[in-house]
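Trainee: Sequence plus the predicted model coming up.
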Amino acid sequence: MITRLSRRSLLKALGLGVVTGSMPGLAHAVTANIPHVIVVGGGFAGATAAKYLKMWGGLGVQVTLIEANPTYVSPILSNLVLNGQKTTSGLSFGYASHNQKYGVNIIHATVDSIDKVNQTVSLSNAQNLAYDRLILAPGIEFDAVQGHDFNKVPHAWKAGAQTNLLKTQIDAMVDGDNFVMTIPSAPYRCPPGPYERACVVADYLQNTKGLSNCSVTVLDANPAITVEATTFGNAFTNYGVTYIPNAVVQSVDSNNKTVTYSVNGGAALSLSATTLNVIPNQRAGQIIFDTQLNNGKWAPVNPLNYESTLASNIHIIGDSQATGQPKAGHIGNSEAKVCADAVLRSLKNIAPDPAPKTNSACYSPISSNTASWLTAVYQYNSGTKQMELVPGASYPASEGATTGNYSNMFNWSGNLFQDTFA
């Protein structure tokens, strides 16, 4: 379910109009006296926030989206690139609709620095922009692993060139070769993603390439499968996947495709692979650390409006936030709408929604024609001041992997892509 909220009464209260077409004048200049909201990051969270700010805010707000790349490659469905069912070009999205349809100003650059006192953003193209509100959606960064060269041992956790590199390596495997992948410590982007990757690769090697003597080994830093344990555990058994929990990566020999790890803090062990896929531990995007908006690895925020608890008028959504909600595209889209709503209210000194809800859903391919699914609803608890699971509104994939889920997966993802980028 993609969260769609009615804002007729809100817009009336704010005195804002609805965008109904392209507004090239607003798309290329910041006009005095009209509040300016800058969004940094064009993934599911950032792109949704920029779009909905203009959809709901209309002529009453100016929105600038800063994204380094002209296209965004969706991590969602990217594991299907590995078995040839999708391509990275088919999962790539641009920002033409944001600009032409909604009047979002698009700047392809990176942020050099943020002045929290004067509320300005300095960009790599030498621009210096003032903001009334700033929304940061920088995604994830990786913790460094000794010896890990992404050009030789891909992570493929940021979709695009890394995904294609891993596919090339998998396609080159012959019978008797071994695929080894590592899973980072939670929290990380897309909780079921690593487990679905192991299943997709095992299925591809065995049933598409016909390599009956290839092996797949999963080194999981977590004590057990973190999500859909029964579904993925059964799939691992069916595919003959070797699953090793509590396996913490210590270093990587990228030239020889060898990973050194320990289990439960024991002696160092080494495992070599024909194709090695190391997914490092993760943290908030670098701009969060550069701007000192982090507490540990993630950014603390107020879940009512996603404003940083460490700086006023700066909001943080998506993978970098520390609300305890999953780090994934669907819920990033949902968080973005709560944040956009709250920002528009704040520009008119109206309090945010006191009981926001978000929804997380995910389909995971298990083979070339089956998938599992799960969904969860979160609601703000005024007592704990946290987003908490709504009892009775969260559903695991109790039926396991089915062809029906596989078909529904494309409906779900298509709706999400449309809602975010169209």
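Mentor: Everything's here; your move.
Trainee: list the buried ones in the longest strand belonging to the chain?
Mentor: Identified as the longest strand of the chain according to DSSP state E is strand 371-381. Under the neighbour-count criterion of 16 or more other CB atoms under 10 Å, strand 371-381 has 371-380 buried. Yep, even glycine has a C-beta here, placed from its N, CA and C like the rest.
Trainee: In CSV, list the residues you listed along with pLDDT and distance to Asn411.
Mentor: Formatted as CSV, these follow (pLDDT from 0 to 100; distance: CB to CB, whole Å):
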residue, pLDDT, distance to Asn411
Ala371, 97, 11
Ser372, 95, 15
Trp373, 93, 11
Leu374, 92, 16
Thr375, 93, 14
Ala376, 93, 19
Val377, 96, 19
Tyr378, 97, 23
Gln379, 97, 25
Tyr380, 97, 29
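Trainee: Could I get the contacting residues of the residue nearest to Gln321 when sequence neighbours are not counted?
Mentor: Nearest residue to Gln321, sequence neighbours excluded (CB to CB, 6 or more residues apart in numbering): Val301, at 5.2 Å. By CB atoms under 8 Å, 6 or more residues apart in numbering, Val301 lies in contact with 307-309, 315-316, 321-323.
Trainee: Return the closest of those with respect to Leu416.
Mentor: If you rank those by distance to Leu416 using CB to CB, Gln321 comes first, at 18.7 Å.
Trainee: phi, psi of that closest one?
Mentor: Backbone torsions of Gln321, given as degrees, to the nearest 10, read phi -70, psi 160.
Trainee: Who does it form a beta bridge with?
Mentor: Gln321 has these beta-bridge partners by DSSP bridges: Ala299.
Trainee: Spit out the contact partners of it.
Mentor: By CB under 8 Å, 6+ apart, the contact set of Gln321 is 298-299, 301, 306, 335.
Trainee: at 7 Å instead, please
Mentor: Applying CB atoms under 7 Å, 6 or more residues apart in numbering, we find Gln321 in contact with 298-299, 301, 306.
Trainee: neighbour-wise, which of those leads?
Mentor: Neighbour counts for those (other CB atoms under 10 Å) peak at Ala299, which has 32 neighbours.
Trainee: you'd agree that residue is up against Asp290?
Mentor: No - using CB atoms under 7 Å, Ala299 makes no contact with Asp290, being 11.9 Å away.
Trainee: Spit out the residues that contact those two alike.
Mentor: Here Ala299 and Asp290 share no contacting residue, scored by CB under 7 Å, 6+ apart.
Trainee: can I get the contacts of Gln321 in CSV with distance to Ala109?
Mentor: Output for those, formatted as CSV (distance: CB to CB, whole Å):
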residue, distance to Ala109
Trp298, 25
Ala299, 22
Val301, 25
Tyr306, 23
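Trainee: would you turn these into CSV with distance to Pro184 and pLDDT?
Mentor: As requested, the contacts of Gln321 are exported to CSV (distance: CB to CB, whole Å; pLDDT from 0 to 100):
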residue, distance to Pro184, pLDDT
Trp298, 14, 98
Ala299, 18, 98
Val301, 22, 98
Tyr306, 24, 98
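Trainee: Closest to Ala401 out of those?
Mentor: Among the contacts of Gln321, Trp298 lies closest to Ala401 (CB to CB), at 31.5 Å.
Trainee: Could you find the closest non-adjacent residue to the closest one?
Mentor: Ala322 (3.6 Å).
Trainee: Give me the contacts around the longest strand of the chain.
Mentor: 227-228, 231, 303-304, 325, 355-366, 387-390, 393-397, 400-401, 405-406, 409.
Trainee: Any of those buried? List them.
Mentor: Buried subset of those (neighbour count, 16+ other CB under 10 Å): 227-228, 231, 303-304, 325, 356-366, 387, 397, 400-401, 405-406, 409.
Trainee: How far does stretch 378-397 sit from its chain's centre?
Mentor: Chain-centre distance of stretch 378-397: 20 Å, with CA atoms, centre = their mean, to the nearest Å.
Trainee: same deal with stretch 71-80?
Mentor: Between the centre of stretch 71-80 and the centre of its chain there are 10 Å (CA atoms, centre = their mean).
Trainee: Report all helices and strands that the helix or strand containing Leu53 contacts.
Mentor: Following DSSP states H and E, one finds Leu53 within helix 44-57. Packing partners of helix 44-57 (3 or more CB pairs under 7 Å, 6 or more residues apart in numbering; DSSP states H and E): strand 36-40, strand 62-66, helix 96-100, helix 329-346, helix 403-421.
Trainee: which one of these lies closest to Gln282?
Mentor: helix 329-346 (14.3 Å).
Trainee: Surely Ser360 is in a helix?
Mentor: No - counting by DSSP: H, G, I helix; E, B strand; the rest coil, Ser360 falls outside a helix, being strand.
Trainee: Could you dump the helices and strands packed on helix 44-57 into TSV with mean pLDDT and distance to Asp203 added?
Mentor: Below are the helices and strands packed on helix 44-57 laid out as TSV (pLDDT from 0 to 100; distance: least, CB to CB, whole Å):
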stretch	mean pLDDT	distance to Asp203
strand 36-40	98	38
strand 62-66	98	38
helix 96-100	98	35
helix 329-346	98	23
helix 403-421	97	12
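Trainee: Thanks a lot, see you next time.
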